[in-house]
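> Next one to model:
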Amino acid sequence: MNAPNYPSGLPLRYHNAHYDLTFFLPPAWQGYSVLVQQWEGRTYFPGADEETVTERGPLIVLRHPQWQANDPCQDIPILVFTRSQWDAHHQGKFSIGAGGIEQEIRHNFKFVFAISSRFNSGEFKGWQEAGHLIEQNRAASAPHLYPE
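This is a model prediction of the structure:
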């Protein structure tokens, strides 16, 4: 199993027991909230010239405690894949969104946790911090199933 190490300077620990997901956050995120949404994977069928939703999975969103509707902070949206979905995604059997590349944050025996390269457009405050937190968590859980 790919047990996460505690990254330096990130004392808060989000843990989802159902998926066995652990993600570390800095003290400024004390009081963060968690939203659960859904991602959709689409497959293009050239014969019919159409795209169809062929896969779905949970999307766990970590939200900064200072987030406000009129002044949002950058969320950290973590895609949850089954191991077979992750393999199919890497084989090009489906895609998520418009051209993003999903990077593994960590994995366990059942699930792979990833972030889209397009999660962070730079339009919300805290976008640099969110990107850095992703990288710290990724580094703490290497090696990954499909090294970049």
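> Name the residues of stretch 90-107 that are buried.
For stretch 90-107, the neighbour count (16 or more other Cβ atoms under 10 Å) marks 94-97, 102-107 as buried. Where C-beta positions appear, they are placed from N, C-alpha and C, glycine not excepted.
> which residues of this protein score low on pLDDT?
For the chain, the stretches flagged by pLDDT under 70 are 1-5, 98-100, 148.
> how about the strands of it, start to end?
12-16, 21-25, 33-45, 50-63, 76-82, 102-107, 111-116 (DSSP state E).
> can you redo the buried residues of stretch 90-107 as TSV with distance to residue 18?
Shown next, in TSV, are those (distance: Cβ to Cβ, whole Å):
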residue	distance to residue 18
94	23
95	26
96	21
97	24
102	21
103	22
104	19
105	17
106	15
107	15
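> Which member of the residues you listed is positioned nearest residue 147?
residue 104 (9.0 Å; Cβ to Cβ).
> got the contact list for that closest one?
With contact taken as Cβ atoms under 8 Å, 6 or more residues apart in numbering, residue 104 is in contact with 86, 112-114, 138, 144-146.
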